[in-house]
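Asks: Let me see the structure of the following:
(chains A and B)
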Amino acid sequence: MMGLVDHLIIVPILLPLLSGAVMLLLDERSRILKGGIGIVTTLVLLVVSIMLLRLADMAPAGSDGSGVRVYPLGNWPAPFGIVLVLDRLSALMLVLTSVLGIASLLFSLARWHRAGPRFHTIFQLQLMGLNGAFLTGDLFNLFVFFEVLLAASYGLVLHGDGIVRVKAGLAYIAINLTASFLFLIGASLVYGVTGTLNMADLANRVPALSSGDAAFLAAAAAILGTAFLMKAGAWPLNFWLPTTYAAASAPSAAMFAIMSKLGVYVILRLWTLVFGPEAGVLAGFGGTWLLVGGMLTIVFGTVGILASQSLPRLAGCSVLVSSGTLIAAIGTGDEAVIGATLFYLVSSTLGIAALFLLVELVERLRDPGADVLAVTMEAYGGGDDDEPQDDEIGVAIPATIALLGGSFIACALLLAGLPPLSGFVAKFAIMTAMLKMDGTIVQASTWTMIGLLTVSGLATLIAMTRSGISSFWARMDDSIPRVRIIEMAPVLALLLLCLGLTIGGGPAMRYMEATTQALRAPQGYVTGVLPAARSGSAQGGGL
Amino acid sequence: MTELIFALAVGILTASGVWLLLRPRTFQVIIGLSLLSYAVNLFIFGMGRLRVGAPPVLETVDAIDPAQYTDPLPQALVLTAIVISFAMTALFLVVLLASRGLTGTDHVDGREDAR
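Replies: Residues are numbered from 1 along each chain as shown, chains lettered A, B, ... in the order given. Alright, predicted model coming up:
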């Protein structure tokens, strides 16, 4: 019944799990072998996710469910068994994850993977958790994948050890455990009210709820939303985020750039699916909260960016601005705005990941001597001195400064949203869509949002210029930092991708619009997942 | 009556958990998280409705009357949640000890309050 192509859907979950498990068996010293396995796995993941993207894009988006591909685990039909669901949105996130995965992994091979044990296994499990969370069509399964990726991320935050990481990790773990409890309460409340955990089935049952039950579901959605907004870094639940991201090692932080986007993804998915126009009394529930919360997050992030004294912290605060923009734009609930937002999501995730990787290289400009010492301590402090000491990390190329400076400017342009890179296209698209949304009379909230987008861009530019001047122009010595090609290449590749996104803006935007169309017609998703829903037969409540 | 006792238990566990979570010592935080996880697990269980003397597993294949059985799904969810929260608590304990070792204090901020 199922072709080989259909089984591709589960590959992004199984493959990292297998390679992570295999690497667990290997000796800790065989780092080259492990790195090789890791790179091959992420490369295959990239190929698979691009194939899945093409697969999702081929199908026409319609309300007959043709745009959705379903993988029933254990071949149980949808409301009773757990399903994986592939549509345009999840395929897009899969590609983004594997791109970031390969960039961070390449970067880590220069030195970071030596900084602590089991890095490669943890990294693969992180990929598995992310991919699973993007693919699953079941609320409780989403929780399980969240826990997988969180457990891996705890490992990545602490990777490299050190007092700063442990302190940041302590807060990070406590926050995320609390968020997980909220997630569980919300999910079980949803089950208690509707008798289902399948997202499509849930969307099916919401319109039929009585008003008392609808109030319960609203409470459940608010609790769930709080949990996701905590992960996304919405104000006031985001004080942990800049500290943690700044404390994490560069490749881990680059990987975390997509973790805050996971919260945004879940909100987008559930909110459009469950509280779409067909949801009756609950249609558009919480939209204003998202809009206002997102705007406040932008404000907080902007102030944070201006106040940042160090580059890693600046990068952490720009995650907040990006999350805030996404949440606020989703809160408008407008199709064109959400389409532009998805473009912004891709562009800003790539830009922030590049910045996190770049920051570490730029920091080497400050004090090259201290860096070598730090590398030695980080790489060899763990007690295994089996490898020969090589303090020479990379070759001093004269072009290094030019490359670093150029990449830094590109990152600044991307995050501030200035032409010619994709950050500009994304912000411009959001603003145009917001102005069109209201018709002739533009509402105050739209003006506020446009003002915030502009001001946050300006603040990013000011802060980036300031730290750029102090890093590149006002240096104490003229020594050239040692940067490996393997460290520079991922940064350049991510930035080139953003350039490609600008040049190929038309097709990319068309894909985003098709994605949003499918999101705005949740009936297509529902009928795709639940074949029984087509005939309109309703299963009784509960089991 | 069962419902009242059950609700009180969940409420008291949650309240104590939240209070401990906001305390400055890492040990209090971990106990708070444990209490919260008990409360959440009970809550999930309660979402399957409280039934006394009804088995969750179907015994016969033919002529099943769902009214005779309790909902098995929340119990399966509770099992998963227990395992996950147990593992996470263990992991948190390790980080807690590392923090204690590195900073020399059991304060959550890694340093004592200035008095």
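
Asks: is the helix or strand hosting B:Thr14 anywhere near chain A?
Replies: Assigned by DSSP states H and E, B:Thr14 belongs to helix B:2-21. Yes: using C-beta under 8 Å from any C-beta of the partner chain, we find that helix B:2-21 touches chain A at B:Leu21. No exception for glycine: its C-beta is placed from N, CA and C like everyone else's.

Asks: Show me the strands in chain B, by range?
Replies: Under the criterion DSSP state E, chain B carries no strands.

Asks: Repeat that for chain A.
Replies: A:69-72, A:83-86.

Asks: among those, which is the most enclosed?
Replies: Stretch with highest mean neighbour count among these: strand A:83-86 (a mean of 24; mean count of other C-beta atoms under 10 Å in any protein chain shown).

Asks: is that strand anywhere near chain B?
Replies: No: judged by C-beta under 8 Å from any C-beta, strand A:83-86 stays clear of chain B, getting no closer than 15.8 Å.

Asks: Need the CA coordinates for that strand. CSV is fine.
Replies: Provided in CSV are the C-alpha atoms of strand A:83-86 (Å, rounded to 0.1, in the frame of the first residue of the first chain):
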residue,chain,number,x,y,z
VAL,A,83,0.7,9.8,12.9
LEU,A,84,3.5,11.8,11.4
VAL,A,85,2.3,14.5,9.1
LEU,A,86,4.2,16.1,6.3
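
Asks: What helices and strands are in contact with it?
Replies: helix A:31-58, strand A:69-72, helix A:119-135, helix A:522-529 (3 or more C-beta pairs under 8 Å, 6 or more residues apart in numbering or on different chains; DSSP states H and E).

Asks: Paired strands for the shortest one, with orientation please.
Replies: Strand pairing for strand A:69-72, determined by DSSP bridges: strand A:83-86 (antiparallel).

Asks: Please work out which residues outside the partner strand touch it.
Replies: Under the contact criterion C-beta atoms under 8 Å, 6 or more residues apart in numbering or on different chains, strand A:83-86 has outside partners A:9-10, A:13, A:52, A:55-56, A:68-73, A:135-138, A:198-200, A:525, A:528-529.

Asks: Contacts only, for A:Ala214.
Replies: A:Val206, A:Gly280, A:Val281, A:Leu282.

Asks: and with 7 Å instead?
Replies: With contact set as C-beta atoms under 7 Å, 6 or more residues apart in numbering or on different chains, A:Ala214 has these partners: A:Val281, A:Leu282.

Asks: Apart from its neighbours in sequence, what residue is nearest the residue of chain B found nearest chain A?
Replies: Per C-beta to the nearest C-beta, B:Met47 is where chain B lies closest to chain A, at 3.5 Å. The spatially closest residue to B:Met47, leaving aside those adjacent along the chain, is A:Gly192, at 3.5 Å (C-beta to C-beta, 6 or more residues apart in numbering or on different chains).

Asks: same question, A:Gly38
Replies: Per C-beta to C-beta, 6+ apart, closest to A:Gly38 is A:His120, 4.7 Å.

Asks: Now that the one you found has come up, it's in contact with A:His113, right?
Replies: Yes: using C-beta atoms under 7 Å, A:His120 is in contact with A:His113, at 6.4 Å.

Asks: Name the residues contacting each of the two.
Replies: With C-beta under 7 Å, 6+ apart, A:His120 and A:His113 have common neighbours A:Gly35.

Asks: Look at the two and report which has more neighbours.
Replies: Between A:His120 and A:His113, A:His120 has the larger neighbour count (other C-beta atoms under 10 Å in any protein chain shown), namely 26 against 21.

Asks: show me what contacts that one?
Replies: A:Met23, A:Lys34, A:Gly35, A:Gly38, A:His113 are the contacts of A:His120 under C-beta under 7 Å, 6+ apart.

Asks: Going by distance to chain B, which of these wins?
Replies: For those, the nearest to chain B is A:Met23 (19.7 Å; C-beta to the nearest C-beta).

Asks: these two touch, right, that closest one and A:Leu33?
Replies: No: contact criterion C-beta under 7 Å: A:Met23 and A:Leu33 do not qualify, at 8.6 Å.

Asks: okay, these two: which has more neighbours?
Replies: Using other C-beta under 10 Å, the more surrounded residue of A:Met23 and A:Leu33 is A:Met23, with 23 against 13.

Asks: To what extent is the closest residue to A:Leu17 other than its chain neighbours buried, counted in neighbours?
Replies: Leaving aside its chain neighbours, A:Leu17 sits nearest to A:Met128 (5.0 Å; criterion: C-beta to C-beta, 6+ apart). A:Met128 has 24 neighbours, counted by other C-beta under 10 Å.

Asks: For the contacts of A:His120, give me a markdown table that also has pLDDT.
Replies: Output for the contacts of A:His120, formatted as a markdown table (pLDDT from 0 to 100):
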| residue | pLDDT |
| --- | --- |
| A:Met23 | 88 |
| A:Lys34 | 85 |
| A:Gly35 | 85 |
| A:Gly38 | 89 |
| A:His113 | 78 |
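
Asks: Excluding residues flanking it in the chain, which one is nearest residue 46?
Replies: Since no chain was named, I'll use chain A. A:Ser98 (4.2 Å).

Asks: oops, chain B please
Replies: B:Phe6 (6.0 Å).

Asks: distance of the one you found from A:Val190?
Replies: Separation of B:Phe6 from A:Val190 (C-beta to C-beta, to the nearest Å): 20 Å.

Asks: quick one, helices of chain B?
Replies: Per DSSP state H, chain B carries helices over the ranges B:2-21, B:26-46, B:73-103.

Asks: Of the ones you listed, flag the one that's most buried.
Replies: helix B:26-46 (a mean of 21).

Asks: could you check the angle helix B:73-103 makes with that helix?
Replies: If you take axes from the mean of the first three to the mean of the last three C-alpha atoms, to 10 degrees, helix B:26-46 sits at 170 degrees to helix B:73-103.

Asks: average model confidence for helix B:26-46?
Replies: Mean per-residue pLDDT for helix B:26-46: 92.

Asks: which other residues reach it?
Replies: Outside helix B:26-46, the residues touching it (C-beta under 7 Å, 6+ apart) are A:174, A:177, A:181, A:184-185, A:188, B:6, B:9-10, B:13-14, B:16-17, B:20-21, B:23, B:74-75, B:77-78, B:81-82, B:85, B:89, B:92-93, B:96, B:99-100, B:106, B:108.

Asks: Identify the residue spatially nearest to A:Gly505, adjacent ones excluded.
Replies: That would be A:Val425: by C-beta to C-beta, 6+ apart, it lies 5.2 Å from A:Gly505.

Asks: What is the neighbour count of whichever residue of the stretch 151-300 of chain A sits closest to chain B?
Replies: Closest to chain B within the stretch 151-300 of chain A is A:Gly192: 3.5 Å, counting by C-beta to the nearest C-beta. Counted by other C-beta under 10 Å, the residues lying close to A:Gly192 total 21.

Asks: how close does it sit to A:Gly468?
Replies: 54 Å.

Asks: repeat for A:Thr325
Replies: The value you get for A:Thr325 to A:Gly468, if C-beta to C-beta is used, is 23 Å.

Asks: and what of A:Ala151?
Replies: A:Ala151 is 37 Å from A:Gly468, by C-beta to C-beta.

Asks: Which residue ranges of the stretch 201-350 of chain A form helices?
Replies: A:211-232, A:240-247, A:250-274, A:287-307, A:311-332, A:335-366 (DSSP state H, counting those that start in this stretch).

Asks: before we move on, the earlier item: nearest to A:Leu357, out of the contacts of A:His120: which one, please.
Replies: Closest to A:Leu357 out of the contacts of A:His120 is A:His113 (14.1 Å), distances taken as C-beta to C-beta.
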